[in-house]
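> sequence and predicted model, in that order:
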Amino acid sequence: MKMVGWMNFKEEMMQKTERIEAALAAFLPREEGFQRTVIEAMNYSVTAGGKRLRPMLMEESAALFGEPDREALNCFMAALEMIHNYSLVHDDLPAMDNDEYRRGRKTTHVVYGEGMAVLAGDGLLNYAFETAARAFDGAATAEDYRRIAASLQILGAKAGIYGMIGGQCADLEAERADGDMTEELLLFIHEHKTAALIQAAMTIGATLAGAAQAEVARLEKCAYNIGVAFQIQDDVLDVTGSTEVLGKPVGSDEKNHKLTYVTLHGLEESKREVERLSEEAAGILASFPARNLFLEELVRQLIYRER
């Protein structure tokens, strides 16, 4: 995939990230009342940093089709980031991955205790839908209501048992299956655990901007490719990367006898599959009448990262 010649891509991304951060901060609950501790834990996890890629993908996907209601878009961008962060809080728990650090600081359960971390995750999930529903406050037409309702359905489906939670379930059980992982199961996990929230981001953005159903379906396929390519690239980096660049030990998949796309198909075939998926995703994005070069480069950067 050829790199888009944007000399100021990093600067543009920084500006967009700052705008998303400001929009997200406006929706965070106030730390007060008898429930103050759980709110502090919620805000602690959301403000831990990160690239804010999902809300950015939502905003840039919306730009392909027009100018959606800004407040409605902000509501859903914030909601999706809350859902992403709730999943990380729960992933880090001792009962799951048992991680003590994320994004360079102690994880929520280390700071606030396991019980409060569970509640913080629950709180973020519920508050995400409260936040998304606030989009109805600015609805003025029947079409506004239809777009917001459709976006809520997407958000619930992609975050739930037929989306991210379903992928987490399959991944958790696969870890206990002693080598029973198949390619079908591996791709199911990649699609649901990782691609689902990317699909939510891109299809909600398109829906809020008034995209036709067929256009939304094409973006859903694009987001599937992005998510799966991202995970296969993860497998590749575990073999080819360095600890200095990645910031974590390499070769852990092999040491843990973890079945990955690389162990199934080899390094070169895995690289070719990343290339195929990314080229197909790029083709979909380039096929819409309104090109978004920033979005195309963002996807390229996301897939072909070195860490």
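Looks like it came in fine.

> what residues does stretch 51-58 touch?
13, 16-17, 20-21, 23-24, 73, 76-78, 80-81, 84, 197-198, 200-202, 204-205, 223, 295, 298, 302 (CB atoms under 8 Å, 6 or more residues apart in numbering). All C-beta atoms are positioned from the backbone trio N, CA, C, and that covers glycine.

> swap in stretch 110-120?
37-38, 40-42, 44-45, 86, 89-90, 92-94, 100, 107-109.

> ditto for stretch 160-175
Under CB under 8 Å, 6+ apart, the answer for stretch 160-175 is 83, 87, 91, 96, 157-159, 180-181, 185, 188-194, 196-197, 199-200.

> what's the weakest-modelled helix or strand in the protein?
helix 243-246 (a mean of 42; mean pLDDT, DSSP states H and E).

> run the chain-centre distance for stretch 215-228.
13 Å (CA atoms, centre = their mean, to the nearest Å).

> now that stretch: mean pLDDT?
For stretch 215-228, the mean per-residue pLDDT is 97.

> are any of the contacts of stretch 160-175 buried, and which?
Buried by 16 or more other CB atoms under 10 Å: 83, 87, 91, 158-159, 181, 185, 188-194, 196-197, 199-200, out of the contacts of stretch 160-175.

> which stretches of the stretch 51-200 of the chain have low pLDDT?
Scanning the stretch 51-200 of the chain with the threshold set as pLDDT under 70 gives 177-179.

> can you check the stretch 201-307 of the chain too?
Looking at the stretch 201-307 of the chain by pLDDT under 70, you get 241-258, 307.

> mind checking which of the buried ones among the contacts of stretch 160-175 are in helices?
Using DSSP state H, the subset of the buried ones among the contacts of stretch 160-175 located in helices is 83, 87, 91, 158, 159, 185, 188, 189, 196, 197, 199, 200.

> of all those residues, which two lie farthest apart?
83 and 185 (23.9 Å; CB to CB).

> circling back to that earlier point, now the ones in helices among the buried ones among the contacts of stretch 160-175 in a markdown table, with distance to residue 262?
Shown next, in a markdown table, are these (distance: CB to CB, whole Å):
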| residue | distance to residue 262 |
| --- | --- |
| 83 | 29 |
| 87 | 25 |
| 91 | 23 |
| 158 | 27 |
| 159 | 29 |
| 185 | 16 |
| 188 | 18 |
| 189 | 15 |
| 196 | 23 |
| 197 | 24 |
| 199 | 24 |
| 200 | 27 |
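
> please identify which of those is nearest to residue 289.
Closest to residue 289, out of all of these and judged by CB to CB, is residue 199, at 21.7 Å.

> how much space separates the closest one from residue 220?
5 Å (CB to CB, to the nearest Å).

> swap in residue 71?
25 Å.

> ok, now residue 194?
14 Å.

> likewise residue 167?
For residue 167, the distance to residue 220 - CB to CB - is 16 Å.

> what about the two, which has more around it?
residue 167 (22 against 19; other CB atoms under 10 Å).

> in what helix or strand does that one lie?
Element membership of residue 167, judged by DSSP states H and E, is helix 164-175.

> can you list the buried residues in that helix?
164, 165, 166, 167, 168, 170, 171, 174.

> residue 43 is in contact with residue 30, correct?
No. Using CB atoms under 8 Å, residue 30 makes no contact with residue 43, being 9.3 Å away.

> please say which of these two ends up with more neighbours.
residue 43 (19 against 8).

> doesn't the more buried one fall inside a helix?
Yes. Counting by DSSP: H, G, I helix; E, B strand; the rest coil, residue 43 is found in a helix.

> in this structure it contacts residue 27, no?
No. In this structure residue 43 lies outside contact range of residue 27 using CB under 8 Å: 10.7 Å.

> ok, how many other residues are close to residue 119?
18.

> just want the angle from the helix or strand hosting it to helix 164-175.
If you go by DSSP H and E, residue 119 is part of helix 114-133. Orientation check (axes from the mean of the first three to the mean of the last three CA atoms, to 10 degrees): helix 114-133 against helix 164-175 gives 150 degrees.
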